[in-house]
Every structure is written in structure tokens, then in C-alpha cells.
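>>> Structure, please.
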Amino acid sequence: MPKPTTEDAEPSKPRKPRRAPALARDLGVLDASMLVMGAMIGSGVFITSAESALLVGSPGWLMAAWALAGLMTIAGALSAAELAAMMPKAGGQYYFLRTAYGPLVGFLYGWSLFLVVQTGTIAAVAVAFSKFLGVFVPAISAEHRVILYESGRYAIRVSTQQAAAVAVIAVLTIANTRGLRLGSLIQNTFTFAKTAALIGLILACFLLGIDEKAAAWTSSWWDPWANGWTPNSHYKPPLPVDGYGAVLLLLGLAMIGPLFSSTAWNNVTFLGEETRDPGSTLPKALLRGTAIVVVLYLLANAAYLTTLPFEAIQHAPQERVGTAAMEAAVGPSGRYLMAAAVLISTFGCVNGLILAGARVFYAMARDGLFFQAAARTNDRQVPAVALYAQGAWACLLTLPATVIVASDGGVDYGNLYSELLEYIIPVDLGFCLLMVASVILLRRKAAFLNRPYRTFAYPWTPGVFIVLAGLLVADFLYLRPWTSGAGLVIVLAGVPVYYLWDRLQRRPPAAKAKPAPSPETASE
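Predicted structure coming up:
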């Protein structure tokens, strides 16, 4: 007879549920730096200078918009590096806000990130990808569309351009469920490629494209009126101030594009639990990554100004300023070279945003502030459910547009890319302001915490960011209330949702139904 096994000798014990594998610490300094740069360099630097140039009307003010955005980016990164080194947790900025201000603010950040900021940025960059794909495949265009729904100021539309944007979001979401190493490999590869492409554009313009008729030599740098500009040239409602007061007011609006181009540097903090030696790695990545990108952005805009007339920057076809500059430098082939470079750039940017963003929803789910399914990792040690939820909502955000009724009664539809920027930036900037302010707050509230890195030139560095960000948020809400205000309304809508969610989480589980008594029990 076979000997009884332990399982035969002892009564069977209920098995504990298998815990999902934890996140893996696989990111080094190079990977983290590539994530910072890759999430920042997308489509903005090749597109948004057209809108900014229209708003401010002169080369000097255009460069000022990019320089101020760069100053804010570096000040924000210098400040956030202290928090990232001190609290290297999954979710990064979400965790910082939750620690400094409590779970309500942490929830509102995650709620806004999911509904507005991260998914909206993914959608905007994916739309830019499809815009430049249209250079090679003309059938991919915003003009080839079907209007699904229209009411008042808003419409839901589907075009071949949007279909291409949805496809790239879906492909990269699936790729990132296959493991962090694959996601970071895609990120590193495309970040190297697009950084090289941006440097190539700058060199081509300076070495081959310098033109004596370009904006740098023929336009007044600081007097937009000398260039035929008026405060209402591009912004139609009357402004409350005249002269340079109007220029400064519109300078804030002109910074939406540069700020969008520089946003997402904070995404590396979302992967704090997946970074090796985070106390050293995260500050290095934030400082190196943002500094390199800001310098490249300033050089790229200087290259546009030395290659193109100012009107050509303002009215570049479909806002493709980078393409127009490359064509001026190397001829007609430049159009295709630049389109290929932007495709690489936006593809890598969407990947970085998808990779990082899902970690916030994973962290929220662990804290009971998001659906519990998002707190699980798959067998590749990545939060797959959070990735799928993020991807689905980002796809939906490619569909809405504003309805514009012309004076003759004709109907047109807003620029989806620009509208997504206006929808995102005030909310993103507001939460970045709170994050940077938390550096000061936690110095007082949690002075005992170990700080492997301390903010350079404290408190002036966070102070500069806080003042500029506060002024800009107010400016955006005043000048673009319908799009900027929509993002703010979504943030505020999260307050009752938080309290309802918290109440449901605290409710004790319903008592299990007792089995009906057997006839024998009943007779007793």
C-alpha cells in the first residue's frame, strides 16, 4: 500500500489567494532620463509655434513664451526631484499630493489625470501622430469625417485622422502590458531617434536654411505692431487692456503650446517603485532630461526664425512649422523627412505617457481610491487593467470637438489638437503648482523625513514656479473659459465622487444570508 501523504494525514487547509507579483525595479538612470525626455518631446515643438506666433506677433515674444515655459519646467523639476527622492512610490505625484494635502486632493489629482490630463495628452499626441501620417497617406485627414452628434457648442465626430490616433493608442497599450523592459526598450529606442531628429532639424536650418528674408532679420523683435499685429489679430473677443498689457495677457495664452511641449516631465515620478536607487536616479533623470529638452526647444525655435519669414511660421500649413522649416532648408524632400521624424517623436511620446500614467491608477487602487481590479499586476509584473482603462478613455477623448458658427451661418469644427491642449494645461499646471508648493509644506510638516536631494536655491526655485503657474492658470481661464473651464469643472466634479466612493468603501460588507433550517432543526 502506498504510504499516506501529508495531505492524506492532515485535513485540507483553505488556500490563500495568490498575490499578484509586485512591480519590478528595472529602471536605471539612462532609462529614467529617456522617459523624461521621451515623454516631453512629442509633437508640440514642431507644431505649436504657429499658434503662439499668431498670438504674440513678434519673434522676441515668441522666444519669450518658450523661455518662460522652459524656466517653469526646470524650476518644477528641481522642486519635484526633492519629493521623488524622498518618497519613491508608485504614482509619484499622486502620492506626494496625498501625503501633503490628504486623500481628497490625491483623489482629485488621479481623477483629473484619468479624465483630463494624462489621457488627454495621450489623445493630443496621438492626433498629432495621425496628422503627420497624413503626409504619407493623404486619406488620413480631419476632413474625411462623419459627425456622430452635434449640440450647441460641442460635437462628436470620427475622421480617418482620429481612427489612426485610436489605432496607435491601442497598439502601444497592448505592447506595454507585455512587461516594463519591453516598454522601456521602445521608449529608449524612440527617444534616441527623435532626439537625433530634432538635432538634425536644428543643424539643417542653421547650416543650410539661413535666409536673409527670415523673421530673425526682417521682423521687429519686440514691437508686434510693426509686424502688422493687433491684439485682436488672432484673439477675437476684446481685451480689457491695450498696448503691452494686451501682449502680456496673450503671452500667457501663447505659452499653452510651449508648456504642453514641456509637460509630462513629472511622469518619471510615477515609476518610483520601479526605479533602481531612486534617491539618486530620479533627481538625476529629472534635472538632465528637462535641461536637455529645454535647450533643444529654444534652439529649434531660433532655427525656425532664421529660416522662415514670420508669416510663414504663423501660417504654416496645418501648423507644421517644423516641416516648413525643413522644406526651406533642404527642399521638397524636407517635408517627408520631417514628417517621418515627427512620427517617430510622437510614437515614442505616446508610449512614454501610456507606460507611466497607468502607475498612478494602480497606486490609487491600492489605496482604495480606484477600481480594485486596477491594483493587480499581470504575470509580466505590470498593471495591465490600469493600462487598458487608460487606453480606452484616451481613445474616447479623440472624438469631441467644439462647433464654430461663422457670421454667414456656416459651421466649422475646432482644431482638435489645440482644444485638447487648452483642456489639459490649466488642470495639469494647477496640480503641478500644488506639488511644488508641497515641497515647502513638507519641509515644515515632515522635516524629519530623509531627503537624499534638497531643492536647489530653495525657496526661490519653488517660489518662481508657484507665482508663474498661478498667473497662467488665471490667464487661461479668463481667455479660454469654454475649453479651460471644462477641465476645471471635471476636477470639481470629483469632489462628490470622492465622498460617495469613500462612503461605499467604509460600508461594512452585507451579512451573509443564513441557510434555511432543515426539517430536523425546525422540529427541535
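>>> starting at the chain centroid, how far to the strand or helix carrying Leu182?
Leu182 belongs to helix 180-208 when elements are defined using DSSP states H and E. Distance of helix 180-208 from the chain centroid (Cα atoms, centre = their mean, to the nearest Å) equals 19 Å.
>>> other SSEs contacting it?
Applying 3 or more Cβ pairs under 8 Å, 6 or more residues apart in numbering; DSSP states H and E, one finds that helix 180-208 contacts helix 29-40, helix 160-176, helix 278-307, helix 321-330, helix 333-366. The way it works is simple: take the backbone N, C-alpha and C, and place the C-beta from them, glycine included.
>>> let's see 10 Å
Other elements packing on helix 180-208 under the criterion 3 or more Cβ pairs under 10 Å, 6 or more residues apart in numbering; DSSP states H and E are helix 29-40, helix 44-47, helix 160-176, helix 278-307, helix 321-330, helix 333-366.
>>> quick one: secondary structure of Ala139?
Secondary structure, DSSP: H, G, I helix; E, B strand; the rest coil: Ala139 is coil.
>>> so it makes contact with Ser130?
No. Using Cβ atoms under 10 Å, Ala139 makes no contact with Ser130, being 11.2 Å away.
>>> Looking at the two, which is more packed in?
Ser130 (25 against 9; other Cβ atoms under 10 Å).
>>> Tell me the predicted confidence for that one.
Note for Ser130: predicted pLDDT of 88.
>>> Next: Leu248.
91.
>>> Would you mind writing the CA trace of stretch 39-58 as CSV?
Taking Å, rounded to 0.1, in the frame of the first residue of the first chain, the C-alpha atoms of stretch 39-58 are listed here in CSV:
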residue,chain,number,x,y,z
ALA,A,39,7.5,62.0,-22.6
MET,A,40,8.4,65.7,-23.2
ILE,A,41,9.5,65.6,-26.8
GLY,A,42,6.4,64.8,-28.8
SER,A,43,4.6,66.9,-31.4
GLY,A,44,4.5,70.3,-29.7
VAL,A,45,7.8,71.8,-30.7
PHE,A,46,7.1,71.0,-34.4
ILE,A,47,3.5,72.4,-34.3
THR,A,48,2.7,74.9,-31.5
SER,A,49,4.9,77.8,-32.5
ALA,A,50,2.4,78.7,-35.2
GLU,A,51,-0.4,79.4,-32.8
SER,A,52,2.0,81.1,-30.3
ALA,A,53,3.4,83.4,-33.1
LEU,A,54,-0.1,84.4,-34.1
LEU,A,55,-1.0,85.4,-30.6
VAL,A,56,2.1,87.5,-29.7
GLY,A,57,3.0,88.8,-33.2
SER,A,58,6.8,89.1,-33.0
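>>> Centre of the chain to it, how far?
With Cα atoms, centre = their mean, you get 16 Å for stretch 39-58.
>>> follow-up on the earlier one: need the residues touching each of Ala139 and Ser130.
Shared contacts of Ala139 and Ser130, defined by Cβ atoms under 10 Å, 6 or more residues apart in numbering, are found at 160-161, 164.
>>> where exactly do the strands run in the stretch 1-150 of the chain?
145-151 (DSSP state E, counting those that start in this stretch).
>>> for it, what spans make up the helices?
Taking DSSP state H, counting those that start in this stretch as the criterion, the stretch 1-150 of the chain carries its helices at 6-9, 29-40, 44-47, 49-56, 59-86, 93-101, 103-112, 118-136.
>>> repeat for the stretch 401-524 of the chain
Going by DSSP H, counting those that start in this stretch, the stretch 401-524 of the chain shows helices at 416-445, 460-479, 481-506, 519-523.
>>> which regions of the stretch 301-450 of the chain sit below the pLDDT cut-off?
Confidence mapping of the stretch 301-450 of the chain against pLDDT under 70 gives the ranges 401-421.
>>> Dump the helices of the stretch 401-524 of the chain into CSV; add mean neighbour count and distance to Tyr297 as well.
Formatted as CSV, those follow (neighbours: other Cβ atoms under 10 Å; distance: least, Cβ to Cβ, whole Å):
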stretch, mean neighbour count, distance to Tyr297
helix 416-445, 22, 16
helix 460-479, 19, 17
helix 481-506, 14, 23
helix 519-523, 7, 79
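>>> Now render these as TSV, adding distance to Val117.
Output for these, formatted as TSV (distance: least, Cβ to Cβ, whole Å):
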stretch	distance to Val117
helix 416-445	5
helix 460-479	13
helix 481-506	8
helix 519-523	60
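>>> right, so of those helices, which gets closest to Asp223?
Checking these against Asp223 by Cβ to Cβ gives helix 460-479 as the closest, at 22.1 Å.
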